[in-house]
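Asks: could you look at this predicted model? Sequence included:
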Amino acid sequence: MASHLNRRIASLRSSEAMQLLIAGTPGSLFDLVCELLARAAELLPGTIIRSHCGPDDTWAADPEASAGSLHLFITNYPARSYLDAVRDGRLPAIVVIDTPLRCFTDLREAGHEAMATVRNLSACAAQIGELSASPAACLLGPETRQRPAEALRTILGHLGWLPFVDHPAAMADIGSTDLTHGVALADDANLIRHILGPAFHFAITGVRRAVTWPRSCLFQGDQPGQSAPAILDLTGPARVIVYGPYFHLAPGRWIATAQMAFSSGACGMNLALEFHGTVPLGNCRFPVEHAGVFRVDLPIAIPSASEAIELRLVLQQGAIEGHLGLDDIHLMPAGD
């Protein structure tokens, strides 16, 4: 696979078209790498084609491109066909991964709401992690800001464009960029540490780690869009008590753990814990036999990184009294 890719890169001439995927976590580092690569590409003969592709686009091995052209596919959410092409060595890629804090801060400063930012970054990281083992993918990290000229040489070397490495125009006016960034608030720091930290680890290494969804990122069924409180009133008809958070996980099997405390008024009730994506991912039903603290361990299977995952805690019949205390939701990778 790697030798096939190396032969293809080495055979690049002005008489053939070249394709390159630029994928990475959204933010200032991704923008910087795109700028560096665009500068290098301008030195090549022929036409430069830039395509911003989304998660539903399809990669074509032989697009309609003129001889000597360079086709750059730019995305934060690579579609399945692009992931497969890179993993199979048919499409070279530059993969850009910044720190979770910097990406979160960049998107928040651009006006994105915190929960939407976590959803977007978890989706990006879960998809990009599938490229971690491919020799066709060249990884660039946060150090790129301090050493952009070295990063450009790495990019050019990966693509077999070594004759352009020391071209004056390629290296002109390249200096380190501002490394300062904001400090996350306490609630945001929780999201970064427990959700984005493991997600970015997977993006870089392809190895899953335990994830925690803080209760505050779930929503109250009786007041849609409002964060779930620590204590929930069960009084009322059968209904969804808690739902959310629509974050993404790496594909594979997981064990979801929910810890709940029930008042004596909740005795005799039946509840269900469910996980949904575009298809059901796992569910269990359980009775409340007595007051106290209960723990539910539920196996779930994530078929794709593109799944926005919804948890639902469902009260299955009406209640005239009773309260429920809900803790954070823990997710542990399980063997396949």
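Replies: Sure, I can see it.
Asks: shaky segments in the stretch 201-336 of the chain?
Replies: Low-confidence segments of the stretch 201-336 of the chain, defined by pLDDT under 70: 336.
Asks: which residue ranges form the strands in it?
Replies: Ranges of strands within the stretch 201-336 of the chain are 211-213, 219-220, 223-227, 231-233, 239-247, 252-262, 270-276, 280-287, 292-302, 309-315, 323-333, based on DSSP state E, counting those that start in this stretch.
Asks: so what does the first one touch, helix or strand wise?
Replies: Using 3 or more CB pairs under 8 Å, 6 or more residues apart in numbering; DSSP states H and E as the contact criterion, the neighbours of strand 211-213 among helices and strands are strand 323-333. Quick note: C-beta positions are derived from backbone N, CA and C, even for glycine.
Asks: could you give the angle of the strand it packs on to strand 239-247?
Replies: With axes from the mean of the first three to the mean of the last three CA atoms, to 10 degrees applied, the angle from strand 323-333 to strand 239-247 works out at 30 degrees.
Asks: hey, C-alpha coordinates of strand 323-333 in CSV?
Replies: What follows is strand 323-333, C-alpha atoms only, in CSV (Å, rounded to 0.1, in the frame of the first residue of the first chain):
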residue,chain,number,x,y,z
HIS,A,323,-37.8,12.2,42.3
LEU,A,324,-34.8,11.0,40.5
GLY,A,325,-31.2,12.2,40.9
LEU,A,326,-29.0,11.7,37.9
ASP,A,327,-25.1,11.6,37.8
ASP,A,328,-22.8,12.0,34.8
ILE,A,329,-22.9,9.4,32.1
HIS,A,330,-19.7,7.4,31.7
LEU,A,331,-18.7,5.6,28.5
MET,A,332,-16.0,3.0,28.5
PRO,A,333,-14.5,1.3,25.3
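Asks: that strand: partners in the sheet, and parallel or antiparallel?
Replies: strand 211-213 (antiparallel), strand 231-233 (antiparallel), strand 252-262 (antiparallel) (DSSP bridges).
Asks: element containing Leu83, please.
Replies: Assessed by DSSP states H and E, Leu83 sits inside helix 80-87.
Asks: tell me who's in contact with Trp213.
Replies: 194-195, 245, 247, 311, 328-331 (CB atoms under 8 Å, 6 or more residues apart in numbering).
Asks: ends of stretch 136-155, how far apart?
Replies: Taking CA to CA, to the nearest Å, stretch 136-155 runs 12 Å from one end to the other.
Asks: now it: how far from the chain's centre is it?
Replies: 21 Å (CA atoms, centre = their mean, to the nearest Å).
Asks: how close does the closest residue to Ile192 other than its chain neighbours sit to Arg208?
Replies: Closest residue in space to Ile192, ignoring its immediate chain neighbours: Pro100 at 5.0 Å, by CB to CB, 6 or more residues apart in numbering. Taking CB to CB, to the nearest Å as the measure, Pro100 falls 16 Å from Arg208.
Asks: same question for Leu101.
Replies: In terms of CB to CB, Leu101 sits 21 Å off from Arg208.
Asks: the more surrounded of these two?
Replies: Counted by other CB atoms under 10 Å, Leu101 and Arg208 do not tie: Arg208 has more neighbours, with 23 against 20.
Asks: show the end-to-end separation of stretch 24-33, please.
Replies: Note: stretch 24-33 ends 10 Å apart using CA to CA.
Asks: may I see the strands of the stretch 201-336 of the chain arranged in TSV, with distance to Ala125 as well?
Replies: Formatted as TSV, the strands of the stretch 201-336 of the chain follow (distance: least, CB to CB, whole Å):
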stretch	distance to Ala125
strand 211-213	11
strand 219-220	23
strand 223-227	23
strand 231-233	31
strand 239-247	10
strand 252-262	14
strand 270-276	19
strand 280-287	19
strand 292-302	13
strand 309-315	14
strand 323-333	14
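Asks: these: which one's closest to Arg50?
Replies: In terms of CB to CB, the element of the strands of the stretch 201-336 of the chain nearest to Arg50 is strand 239-247, at 30.3 Å.
Asks: and the angle from that closest one to strand 309-315?
Replies: Going by the same axes, to 10 degrees, strand 239-247 makes 170 degrees with strand 309-315.
Asks: just to revisit the earlier point, thought the residue nearest to Ile192 was touching Gly197?
Replies: Yes: contact criterion CB atoms under 8 Å: Pro100 and Gly197 qualify, at 5.7 Å.
Asks: more neighbours: those two, which one.
Replies: Pro100 (24 against 16).
Asks: averaged pLDDT, the helix or strand following the helix holding Leu83. What do you get?
Replies: Of the helices and strands lying after helix 80-87 in sequence (DSSP H and E), the nearest is strand 93-96. The average pLDDT within strand 93-96 is 95.
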